[in-house]
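1. test case, fold it:
(one chain, ligands or ions: 2)
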Amino acid sequence: MNPDRTEWDVIVIGGGPPGEIAAQYATQFSGLEAVIVEQELLGGECSFWACMPSKGLLRPVELVSNSRDLHGVTGARLDVQAVLDRRDKIVNHHDDTSQVDWATGAGIDVVRGRGRLAGEKTVTVDGRTLTARHAVVLATGTRASVPPIDGLREARPWTSRDATNVHEIPRRIVIVGGGVVSCEAATWFRGLGAEEVTIVEGSERLLSKNEPFAGEIVAAAFADSGVTVRTKTRVTDVARPVVNDNGEGLIHGGEVTVTLSDGSTVTADEILVAAGRTPNSDDLGLETVGLEPKGFVDVDEHLTVPGIDWLYVVGDLNGKALLTHMGKYQARIAGDVIADRAAGNAARQHDHAIVPQVTFTDPEVGSAGLTEAQARDAGLDVSVAEYDMAALAGTYLVRDHYTGRAKLVLDGDRLVGATFVGTGIAELVHSATVAIQAKVPLGELWHAVPSYPTISEVWLRLLETIDSQRRGK
Ligand SMILES: Cc1cc2nc3c(=O)[nH]c(=O)nc-3n(C[C@H](O)[C@H](O)[C@H](O)COP(=O)(O)OP(=O)(O)OC[C@H]3O[C@@H](n4cnc5c(N)ncnc54)[C@H](O)[C@@H]3O)c2cc1C
Ligand SMILES: NC(=O)c1ccc[n+]([C@@H]2O[C@H](COP(=O)([O-])OP(=O)(O)OC[C@H]3O[C@@H](n4cnc5c(N)ncnc54)[C@H](O)[C@@H]3O)[C@@H](O)[C@H]2O)c1
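-> Numbering: from 1, shown residues only. Ligands and ions are numbered 1, 2, ... in the order given. The predicted structure is shown next:
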């Protein structure tokens, strides 16, 4: 790349997966040229500090847990250092050479540095000014939120970056928040040998964005595995007299004592904040184009900022769904829209009705579409069916003490939501996504025959449940 170059068709700020895909889709068949501005590692949070390392830590933990619950399998145990070494390999030891090779191989340039909007189609990177002929895409993602709790920031708490890139397993860890990051992290910390893991969640239950039974089943599994869950409880004060921030994934100081809203205290060797995310929209120059310089940045059905037809936002930053696959979906649409508009063609729109998600706890939680509560709030003609996943031949074979539950949410005869909880349900979620998105009529689902003996047979049982309910049996 010519180091003096300052003009491209498309400038993408932020090189996480959505930023990369937006650049790819805008350029691959259009003849347009794009550059990605990245301040840290190309591949972003997902590749190096979120999805990939977390799942790399969880898979061995899940395998051992499953093996220990399978009569006839003996001796399953974890080699913790080998698991951490494999995680380091998964994050390429924080080297993004292969991602840069991918970009340059696809004809996409990469500029290192902090990007900032500086007016119409203009971006500055550490003092250098770049201009875009067609579009600027913002894909700067989010960072861990640190709630304003007395003493918390001063205690230099771990965030998801430390948890996923852990090098030192704390013997005792307290986790603020009981959402997805917390529940997954509690699973791997307990699995990797932490003796006391305490989750403090302000709301009524864990994983509160899911169907209520999901958080309840995960909480019961935590209780069995020795993780303490404190719901309807908030942290009011944090005290850590000795703070030594030794670096990412290393314990950041001495003992930490956390005071809870009921007046009790928890003492631990580390505190992890997993209380949601803050958008990276401050210091992005949004005010130079008339936007609020904070918060999530709103977009229309073309992933374009309303009233600014050259400015696109994909991934976490638009706040629509903080998930890599949804950010990448948005990026495919935004990239196509940029190419279409440059060619003078009608632009595609995105359809954001269905968000699938898998939380890789033990048992896993998977969902697609609406929960019952969301469907009722939307005023739909709601009926539901539930089934005990442990009652299937397929799950009976998976482990000796299988726990799980499934639920379908219907609007009349149309499926609008599905939730599955259980070991090995992750790959089941896409069947629900397809059925919901393709609006497959309930009658047709009877002819989609699941193989025996698989976990997919839950579909048949759920259809039978709906049928019985409707026949009044
Ligand atoms: C622990 C954890 C586990 C997760 N696991 C999953 C999972 O299993 N599946 C899933 O779908 N989602 C998961 N997520 C969510 C997922 O990580 C995010 O949805 C995804 O990373 C969003 O991608 P993004 O590109 O929008 O943001 P990011 O991945 O955060 O990328 C943004 C990029 O922009 C760069 N950047 C920021 N500001 C600037 C600037 N001014 N100039 C230049 N560059 C800048 C950053 O350095 C970064 O590389 C997880 C999240 C966490 C925290
Ligand atoms: N497997 C996956 O797909 C995966 C994994 C990890 C993260 N993610 C994504 O990352 C995003 C962020 O995850 P997250 O877990 O940080 O956020 P979250 O919003 O899912 O959960 C945060 C939780 O913290 C609680 N909380 C907030 N402040 C609190 C306080 N002061 N005291 C006690 N509890 C408090 C909230 O009630 C909430 O339950 C999510 O939207 C999620 O979709 C996805």
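2. who in the stretch 151-300 of the chain is up against ligand 2?
-> 176-182, 184, 200-203, 208, 234-235, 274-277 (Cβ under 6 Å from any ligand atom). Every C-beta, even on glycine, is put in place using the N, C-alpha and C of the backbone.
3. ok and the residue in the chain nearest ligand 2?
-> Going by Cβ to the nearest ligand atom, ligand 2 is nearest to residue 179 of the chain, at 1.9 Å.
4. contacting residues for that residue?
-> With Cβ atoms under 8 Å, 6 or more residues apart in numbering as the criterion, the residues that contact residue 179 are 201, 206, 207, 208, 209, 274, 275, 276.
5. what of residue 431?
-> Going by Cβ under 8 Å, 6+ apart, the list of residues near residue 431 reads 456, 459.
6. against ligand 1, how distant is it?
-> 18 Å (Cβ to the nearest ligand atom, to the nearest Å).
7. sticking with that residue, tell me its helix or strand.
-> Residue 431 is part of helix 429-437, with elements assigned from DSSP states H and E.
8. average model confidence for that helix?
-> Per-residue pLDDT values across helix 429-437 average out to 97.
9. same question, stretch 454-465
-> On average, stretch 454-465 scores 98.
10. which positions in that stretch come out as buried?
-> Neighbour counts over stretch 454-465 (16 or more other Cβ atoms under 10 Å) mark 454, 455, 456, 457, 458, 459, 460, 461, 462, 463, 465 as buried.
11. quick revisit: out of the residues of the stretch 151-300 of the chain next to ligand 2, which are buried?
-> If we count by 16+ other Cβ under 10 Å, these have these buried: 176-182, 184, 200-203, 234-235, 274-275, 277.
12. and residue 240, what does it touch?
-> So residue 240 contacts 151, 154, 155, 156, 253, 254, 255, 256, 257, 271 (Cβ under 8 Å, 6+ apart).
13. ditto for residue 412
-> Contacts of residue 412 by Cβ under 8 Å, 6+ apart are residue 381.
14. returning to what we had before: taking the residues of the stretch 151-300 of the chain next to ligand 2 one by one, which sit in strands?
-> 176, 200, 235, 277 (DSSP state E).
15. enumerate the residues of the stretch 1-150 of the chain near ligand 1.
-> Close to ligand 1, as judged by Cβ under 6 Å from any ligand atom, the stretch 1-150 of the chain has residues 13-19, 37-40, 44-46, 50-51, 54-55, 114-115, 139-142.
16. rerun that using 5 Å as the cut-off
-> 13-14, 16, 18, 37-40, 44-46, 50-51, 54, 114-115, 139-141 (Cβ under 5 Å from any ligand atom).
17. only the buried subset of those, as a PyMOL command please.
-> Command for PyMOL that selects the buried part of these, burial taken from 16+ other Cβ under 10 Å:
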select buried, resi 13+14+16+18+37+38+39+40+44+45+46+50+51+54+115+139+140+141
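18. and the helices in the protein?
-> For the chain, the helices defined by DSSP state H occupy 17-27, 44-49, 51-68, 80-90, 97-105, 160-164, 180-191, 212-225, 324-342, 372-377, 393-398, 429-437, 442-445, 458-470.
19. now these in TSV, with distance to residue 317?
-> Shown next, in TSV, are those (distance: least, Cβ to Cβ, whole Å):
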stretch	distance to residue 317
helix 17-27	9
helix 44-49	11
helix 51-68	17
helix 80-90	25
helix 97-105	19
helix 160-164	17
helix 180-191	18
helix 212-225	27
helix 324-342	9
helix 372-377	23
helix 393-398	39
helix 429-437	24
helix 442-445	37
helix 458-470	36
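20. will you turn the contacts of residue 179 into TSV that also has pLDDT?
-> Below are those laid out as TSV (pLDDT from 0 to 100):
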residue	pLDDT
201	98
206	98
207	98
208	97
209	97
274	98
275	98
276	98
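21. so what's the nearest residue to residue 128 once chain neighbours are set aside up against?
-> What sits nearest to residue 128 in space, not counting adjacent residues and going by Cβ to Cβ, 6 or more residues apart in numbering, is residue 6, at 7.2 Å. By Cβ under 8 Å, 6+ apart, the residues touching residue 6 are 128, 129, 130, 131.
22. for residue 6, grab phi and psi.
-> phi -130, psi 0 (degrees, to the nearest 10).
23. if I look at it, how far off is residue 131?
-> Using Cβ to Cβ, to the nearest Å, residue 6 is found at 6 Å from residue 131.
24. again with residue 99
-> For residue 99 relative to residue 131 (Cβ to Cβ), the value is 25 Å.
25. and the gap between residue 101 and residue 43?
-> Residue 101 sits 11 Å away from residue 43, going by Cβ to Cβ.
26. my bad, residue 173
-> In terms of Cβ to Cβ, residue 173 sits 27 Å off from residue 43.
27. can you get me a residue count around residue 379?
-> Per other Cβ atoms under 10 Å, the neighbour tally for residue 379 reads 8.
28. in terms of contact, does residue 137 touch residue 22 like I think?
-> Yes - counting by Cβ atoms under 8 Å, residue 137 does reach residue 22; the two are 4.7 Å apart.
29. quick check: neighbours shared by those two?
-> 10, 12, 312, 314, 331, 334, 338.
30. who does the second one bridge with?
-> The reference is to residue 12. Beta-bridge pairing of residue 12 under DSSP bridges involves residue 36, residue 137.
31. shouldn't it be in contact with residue 19?
-> Yes - using Cβ under 8 Å, residue 12 makes contact with residue 19 at a distance of 4.7 Å.
32. what about these two, which has more around it?
-> Higher neighbour count among residue 12 and residue 19: residue 12, with 36 against 30, using other Cβ under 10 Å.
33. wait, what's in contact with that one?
-> Residue 12 is in contact with 19, 20, 22, 23, 34, 35, 36, 37, 136, 137, 139, counting by Cβ under 8 Å, 6+ apart.
34. who wins on neighbours among these?
-> Counting neighbours by other Cβ under 10 Å, residue 22 leads the contacts of residue 12 with 35 neighbours.
35. what's the closest non-adjacent residue to that residue?
-> residue 331 (4.0 Å).
36. correct me if wrong: that neighbour contacts residue 16.
-> No - taking contacts as Cβ under 8 Å, residue 331 lies outside contact range of residue 16: 9.4 Å.
37. who touches both of these two?
-> Counting by Cβ under 8 Å, 6+ apart, the residues touching both residue 331 and residue 16 are 139, 315.
38. thinking residue 19 is in contact with residue 316, fair?
-> No - the pair residue 19 / residue 316 is not scored as a contact, 10.8 Å apart, by Cβ under 8 Å.
39. ok, now which ones touch residue 415?
-> Listed by Cβ under 8 Å, 6+ apart, the contact set of residue 415 reads 369, 408, 409, 432, 435, 436, 440, 442, 445.
40. residue 176 pairs with what?
-> Under the criterion used here (DSSP bridges), residue 176 is bridged to residue 200, residue 273.
41. overlap of the contact sets of residue 6 and residue 131?
-> Counting by Cβ under 8 Å, 6+ apart, nothing touches both residue 6 and residue 131.
42. rewinding a little: what angle separates the helix holding residue 431 from helix 324-342?
-> Helix 429-437 and helix 324-342 meet at an angle of 50 degrees, taking axes from the mean of the first three to the mean of the last three Cα atoms, to 10 degrees as the criterion.
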